[in-house]
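1. got a predicted model here, sequence first, then my questions.
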Amino acid sequence: MSLIKQLWLAIIALLLLSFVGSLAISIASSRDYIEQEVRIKNEDNATALALSMSQLDKDIVILELLVAAQFDTGYYRSIILRDTANNVLIGRSASEYSGDVPAWFRSLIQFNVPTGTATVQDGWRQFGTLELESQHSFAYASLWRSMLELAGWFLLAGAISLAIATVLVRGIKHPLVRVVAQAKDISARRFTTIKEPRTLELREVAQAMNILSANVHHMLSQESQKLDELRRDLQHDRVTGALNRDVFMGRLASLLGSDDVRATGLMLMVRVQTLEQLNEQLGHQATDNLLRALVQQLSQLDGSSEEALIGRLNGSDFLLLLPLQESANKLASLVRHALEQVFEQALKIVAVDTPREMVRMPAAIVAYTPHDERGTLLATLDDALAEAESDSAHNRIVVREGQQGSLFNNHVEWRTALNKAISQGPQLAYFPVIDAHNNVLHYECPARLKLANEWQTAGVFIPWVSRFNLEPALDIAVVKKSFAQLAIDPEHKMGINLSIASITNAQFVTELRALLEKQPQHAKQLCFEVPAVLNAHAIGSLRGLCTALRPLGCQFGIEHVGAEFTKLADLHDVGLTYLKVDSSLIRGIHTSNEQQTIVRGMATLCHSLGIQVIAEGVVEQAELDSLFRAGLDGATGPGVRV
Amino acid sequence: MALMPDSPRPILSPLSRRQFLATVGALILGAGASVFPTPATAFNPQRLRQSMQQQYGTSGLAVLEAWFELLERLRRQGIQTQLRDVNDFFNRRIRWVEDIHNWGHEDFWATPLETMGQGQGDCEDYSIAKYVSLKQLDVPGERLRMIYVRARIGRSQITQAHMVLGYYSTPSAEPLVLDNIAPSISPASQRTDLDPVFSFNSEGLWAGGSSESRADPLARLSRWRSVVERMQSQGFI
């Protein structure tokens, strides 16, 4: 039996006990009192009447009158005068008063009052015995009434006590429920913390568990920090912190090859033209500072990502990816400003008389779209950069439009087309995610929208969707479509992408929940994935969403986890099912011990939280083998087939 | 509340808790027992000796022993002898005084023990002592009645409230009067100096068991009941 039930039983038992007990005591004492009073009245009245009779002539008429007068004006059940031989001389008796008192109550009370007796004297001789009984059945009625009254009061008091007890029990129950929920969370390896209850025992339990969660959080932050440092050493240029050429190229290729949102945007290349000259004149130290300043300024151009995708291709060439950006001219002016800043900084570092011409940083901008060839893009950039270099102006920026234009000409057309496409409904692609034994964990189902009479991938329309704040609408449409698919094929688990904009939108969350609650059998087949670019607010929203939807059996995962892995410590209490590791950490893993170390570390950490680790963008079988050896739970990508 | 330091807390072991409960239970039982002591319900010479010793010392005890002897001697005698000897015993041993001199206030009804201990008493004290003695000799209660009478003193017209004990051989018979003014027993018709007013006895008070009237707080309100109660506690009945 639950503690709360036991508490209630105890409270009710106590209330009943005190109620019945005090009722019984009060009735018993009233009964005793009444009995005593009636007995005294019987005796006193009998003595008084006998005394009067003793003084009178023993004329039977006089005696009868005396008895009658006493009987008729008083409250008596019977007055009987017997002679010494016990024969009745005079007798008066009345019927019992019976009000609306139930018979069981009478038999329960059952007054036991002895008759009052006294002897009547006739001179020295005894004349007879007077027996007198008072009318006491009215006492049943008064006792019955007082019992009803008491019962009424007790009901009232009982109701009030129960109300108070409810408050008290709730005061115990709520923290208890919280503690139990936390214990369950921890057993499911969600290391949540709760507000400490006021009850001493519960508070100690909650404190212990909170400390445990805090320790786990601390341990995770440290470990993931270490892994991140390892990754940085491996992937980043020591001097500037930009990505190494290989890593950058790998990322670029996987980005272009994916259906990802970020597969549309602009690409900026900056060349520090006079690097060797600078090295000679300013020394390594100053030059390194200049390059660091350049990378820092360029990174700031990308406001959308957590970590700007910037690579150092060789000593003097820096390449920046700006996903989701479209306006090349706007970017050009920003770049110009940034380069001015770098120059200013450079002037501070080097001697004041450094001629402006010494630091020449030509730049080139080109737009990229999904499925562009990497080589072509780089060639275009090189060409543009050569044009910029040849110019005499010291910071020339050349802009090249992409080979293919936008689907629509202006915003109005885009908005109309997107609204139409979303209301028409998206199409879902199926990409399997498999485990080491080639079983399908779930299918990744990125959305396709029919725009300009063709099914377009996310990279084409997502920048526009997010520009018009249509993400929630699109995500709801995708969930609806997935229900339709599940109705046809209920066996497949489907991975659905949710955008950050959606999960931080309260209305979307409500709508999604309502939708899922209507179809609980389908809800448990869904895995919701959010991109790893989570800020603190988004993590809070994600936590709320998980808590709300977990009872429905939905699973949650995070995709494209790479550089952002340090946030894992903040996700320890969210209750994620899986984590998808970005392809930049996966590509070529079979050839890199460092990469294997990092991925293995990630897997170990995640497993300690009960989170599965899945590799993204797997191309080769060798990668696949290496991944599963490193302890990953699943893999997906072009190289993965069922 | 503040955070609890890691100091060891006193632990109530189950044993000590049980001991505690046992102590509380014993205390409650003890208190109950002292509030409701077992009542004495029968004639108890040992207790009478104790009471007498405590209240009146050895002189009182001598009278009590004489009374016990009397009862022992009369137990197998006829009713006439019993009446006469009991009447004589008290008429000789007890000096008549007014209550106000004996007890300091009017109309105090003494138990036989108190009467014997004091060696003096009022008319109702004689009557009560004789009544109790005769009851002790198994004379049926309904034959004995205490009678309020109006007594004329000597040949004068001065009258006084008085009490005698009457013995009724049958309910309707003329009673024999055991008095302390006239030392010998005589039939009521010969006592022209006495006018009967009212009579009573302990029937109904003692009937059915004396413990009930003992627990009755109202007993102290009536003189008769009060003396009956004191007799019970002293060990007469």
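-> On my side now, so go ahead.
2. from now on I want contacts and neighbour counts done on CA atoms only, so please keep to that.
-> Noted.
3. tell me what the host helix or strand of residue A:545 is packed against?
-> Following DSSP states H and E, the helix or strand that holds residue A:545 is helix A:536-549. When contacts are defined as 3 or more CA pairs under 8 Å, 6 or more residues apart in numbering or on different chains; DSSP states H and E, helix A:536-549 sits against helix A:500-503, helix A:506-518.
4. just say helix, strand or coil for the closest residue to chain B within the stretch 201-350 of chain A.
-> Of all residues in the stretch 201-350 of chain A, the one sitting closest to chain B is residue A:204 (8.8 Å; CA to the nearest CA). Per DSSP: H, G, I helix; E, B strand; the rest coil, the secondary structure class of residue A:204 is helix.
5. which strands and helices sit next to the lengthiest helix in chain B?
-> With residue count as the measure and DSSP state H as the assignment, chain B has helix B:45-74 as its longest helix. Using 3+ CA pairs under 8 Å, 6+ apart as the contact criterion, the secondary-structure elements in contact with helix B:45-74 are helix B:79-93, helix B:112-118, helix B:223-234.
6. how far off centre is the first one?
-> Between the centre of helix B:79-93 and the centre of its chain there are 19 Å (CA atoms, centre = their mean, to the nearest Å).
7. next, the angle helix B:45-74 makes with that helix.
-> Relative orientation of helix B:79-93 versus helix B:45-74 (axes from the mean of the first three to the mean of the last three CA atoms, to 10 degrees): 120 degrees.
8. if we can go back for a sec, okay, angle between the helix holding residue A:545 and helix A:506-518 too, please.
-> 20 degrees.
9. next, the buried residues of helix A:536-549.
-> Along helix A:536-549, the positions that meet the burial threshold by neighbour count (16 or more other CA atoms under 10 Å in any protein chain shown) are A:538-546, A:549.
10. show the contacting residues for the residue lying closest to residue A:265 once chain neighbours are set aside.
-> Nearest in space to residue A:265, with sequence neighbours left out and distances taken as CA to CA, 6 or more residues apart in numbering or on different chains, is residue A:323 at 4.2 Å. When the contact criterion is CA atoms under 8 Å, 6 or more residues apart in numbering or on different chains, the partners of residue A:323 are A:262-266, A:304.
11. from those, which is closest to residue A:185?
-> The shortest separation between residue A:185 and any of those is 33.5 Å, and it belongs to residue A:304 (by CA to CA).
12. which helix or strand contains the nearest residue to residue A:83 once chain neighbours are set aside?
-> In this structure, residue A:83 finds its nearest non-sequential neighbour in residue A:128, 4.0 Å apart by CA to CA, 6+ apart. Element membership of residue A:128 [criterion: DSSP H and E] is strand A:125-134.
13. who touches that strand?
-> Judged by CA under 8 Å, 6+ apart, the contacts made with strand A:125-134 from elsewhere in the structure are A:38, A:41-43, A:45-46, A:50, A:75-84, A:86, A:114-121, B:171-175.
14. and stretch A:363-376, by the same measure?
-> Taking contacts as CA under 8 Å, 6+ apart, the residues outside stretch A:363-376 that touch it are A:252-253, A:255-259, A:263-271, A:326, A:328, A:332, A:377, A:380-381, A:384-385, A:388, A:395-402, A:459-460.
15. could you rerun that using 7 Å?
-> Applying CA atoms under 7 Å, 6 or more residues apart in numbering or on different chains, the contact partners of stretch A:363-376 are A:253, A:256-257, A:263-271, A:328, A:381, A:384-385, A:388, A:396-402, A:459.
16. buried ones in that stretch?
-> With the criterion 16+ other CA under 10 Å, stretch A:363-376 contains buried residues A:363-372, A:374.
17. any idea how far chain B is from residue A:379?
-> 68 Å (CA to the nearest CA, to the nearest Å).
18. quick one: residue A:91 is in a helix?
-> No. Under three-state DSSP, residue A:91 falls outside any helix and is assigned strand.
19. give me every residue that touches it.
-> A:79-81.
20. same thing but 10 Å
-> Remark: with contacts taken as CA atoms under 10 Å, 6 or more residues apart in numbering or on different chains, residue A:91 is in contact with A:64, A:67-68, A:71, A:78-82, A:130-132.
21. out of the residues you listed, which are inside strands?
-> A:78-82, A:130-132 (DSSP state E).
22. who wins for neighbours among those?
-> Counting by other CA atoms under 10 Å in any protein chain shown, residue A:132 has the largest number of neighbours within the ones in strands among the contacts of residue A:91, with 29 neighbours.
23. which residues does it bridge with?
-> Under DSSP bridges, the beta-bridge partners of residue A:132 are residue A:79, residue A:116.
24. returning to that earlier point: how much space between the residue of the stretch 201-350 of chain A closest to chain B and residue A:216?
-> Using CA to CA, to the nearest Å, one obtains 18 Å as the distance from residue A:204 to residue A:216.
25. do the same with residue B:235
-> Per CA to CA, residue B:235 is found 84 Å from residue A:216.
26. how about residue A:325?
-> In this structure, residue A:325 and residue A:216 are 39 Å apart, going by CA to CA.
27. cool, and residue A:518?
-> Distance of residue A:518 to residue A:216, computed by CA to CA: 37 Å.
28. what is the burial count for residue A:399?
-> Residue A:399: 19 surrounding residues under other CA under 10 Å.
29. contacts only, for it.
-> A:268, A:328-329, A:331-332, A:363-367, A:381, A:384-385, A:388.
30. could I get the contacting residues of residue 101?
-> Using chain A. Residue A:101 makes contacts with A:137-138, A:140-145, as judged by CA under 10 Å, 6+ apart.
31. I was thinking of chain B, sorry if that wasn't clear
-> Shown in contact with residue B:101 (CA under 10 Å, 6+ apart): B:121-122.
32. let me know the helix or strand that it is in.
-> Applying DSSP H and E as the criterion places residue B:101 in helix B:99-102.
33. residues of that helix that come out buried?
-> Of all the residues in helix B:99-102, those buried under the rule 16+ other CA under 10 Å are B:99, B:102.
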